[in-house]
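Colleague: My questions concern the predicted model and sequence given below.
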Amino acid sequence: MDEIVVVAILTVKEGMSDRALEVFRPVIEATHQEPGCVSYALHRDNSDPDRLVLVEKWLSQDDLDAHFQQPHMAEMGSLAGELLAEPPLIVFSSAIPVGEPDKGLI
């Protein structure tokens, strides 16, 4: 099965960025320990400090499905209403290798 790349764009309510990072930190640390997690990296939009971008890579759809069942994900989901200004934009994708393999794939 192909690896899955997920990009989630999260717009945090104004003034809630520090709280969001506080909530995301243990979720990210726990996710790094999950089977099938290749990478799970949080970024801040350079033009909007209230927009966070999470880029994930999973070995398989089964691993990603198991991730969504983890208790730390349920906890994060329950806090989304408190932290987010709008529903997240989440894109699930599979790589299209183009060019040099070490540069054309995440």
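Modeller: Arrived safely, thanks for sending.

Colleague: Tell me where the protein has helices.
Modeller: Along the chain, counting by DSSP state H, helices occupy 17-31, 61-68, 71-83, 101-104.

Colleague: Am I right that S93 is in contact with E3?
Modeller: No - if you go by Cβ atoms under 8 Å, S93 and E3 don't touch, sitting 9.9 Å apart. Heads up, the C-betas are built off the backbone N, CA and C, glycines and all.

Colleague: Who has more neighbours out of the two?
Modeller: Taking neighbours as other Cβ atoms under 10 Å, S93 and E3 compare with E3 leading, 18 against 12.

Colleague: could you list every residue that touches that one?
Modeller: By Cβ atoms under 8 Å, 6 or more residues apart in numbering, the residues touching E3 are 38, 57-60, 94-95.

Colleague: Of these, just say which sits nearest to I9.
Modeller: Closest approach between the contacts of E3 and I9, by Cβ to Cβ: K57, at 16.4 Å.

Colleague: Nothing else from me, thank you.
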